[in-house]
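Undergrad: turn this into a structure:
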Amino acid sequence: MSEGRERGSEEGPEREIFHLLRAVTVEYGLRQAEFASDNGMHATDVRALICLLDAERAGVEATAGWLGGQLGVNSAGTTAVIDRLERLGHIARVRDGRDRRRVLLRVEDRAKELGWAYFGPLIGGTDAMLKGFDDSEVAAVRRFLSGVLGIMAGSKDNT
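TA: So this is what the prediction gives:
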């Protein structure tokens with residue numbers, strides 16, 4: 001039996017959790033695609049909105065260059081995404097108050113409301129489920145998801 005086949009046959013609880021994580025990501029991707037389709041957007045547009053919302057929560061000033069780096073898209077592709085989202089009224093280009101030469105990207109309230117209307121039940125259900133966990137369980141979930149994210153980011157850097 002080949003080494004790869006032996007590794008592939010290891011079906012313990014760790015592998016089950018990996019498969020559940022994969023199922024969650026696939027299902028979430030389907031929800032994002034449905035949201036994009038229902039609202040005249042591309043999948044990359046939804047990813048861009050998520051990046052911009054995450055930046056806003058983290059206090060990061062998002063520029064076109066920053067967004068392109070987050071999306072892994074070249075300058076022309078980034079401009080196309082920004083133009084589409086701006087045309088749809090989901091984002092605005094605003095001058096930086098400290099450096100008028102710099103243009104920042106801001107998610108409009110309309111986009112937040114649209115996203116909340118669609119994803120709010122998922123977010124609320126997840127919040128409710130986690131409220132049933134004790135502090136150590138929440139910490140374990142956070143550690144697991146942060147660790148997987150780190151592994152994924154590291155494997156992307158090594159390709």
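Undergrad: how near is Phe133 to Val26?
TA: Distance, Phe133 to Val26, using Cβ to Cβ, to the nearest Å: 24 Å. (C-beta placed from N, C-alpha, C; glycine too.)
Undergrad: go on, Phe18?
TA: Phe18 is 13 Å from Val26, where distance means Cβ to Cβ.
Undergrad: and if you look at Arg102?
TA: Per Cβ to Cβ, Arg102 is found 38 Å from Val26.
Undergrad: which residues in this protein form strands?
TA: Listed in chain order, the strands found in the chain under DSSP state E are 91-95, 103-107.
Undergrad: for Glu14, find the nearest of those strands.
TA: Put simply, out of those the one that sits nearest Glu14 is strand 103-107, at 37.4 Å, with distance taken as Cβ to Cβ.
Undergrad: elements contacting the closest one?
TA: Of the remaining helices and strands, those touching strand 103-107 by 3 or more Cβ pairs under 8 Å, 6 or more residues apart in numbering; DSSP states H and E are helix 43-58, helix 64-71, strand 91-95.
Undergrad: and these as JSON lines, adding mean pLDDT, distance to Glu108 and mean neighbour count?
TA: As requested, the helices and strands packed on strand 103-107 are arranged in JSON lines below (pLDDT from 0 to 100; distance: least, Cβ to Cβ, whole Å; neighbours: other Cβ atoms under 10 Å):
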{"stretch": "helix 43-58", "mean pLDDT": "97", "distance to Glu108": "10", "mean neighbour count": "18"}
{"stretch": "helix 64-71", "mean pLDDT": "97", "distance to Glu108": "15", "mean neighbour count": "16"}
{"stretch": "strand 91-95", "mean pLDDT": "96", "distance to Glu108": "6", "mean neighbour count": "15"}
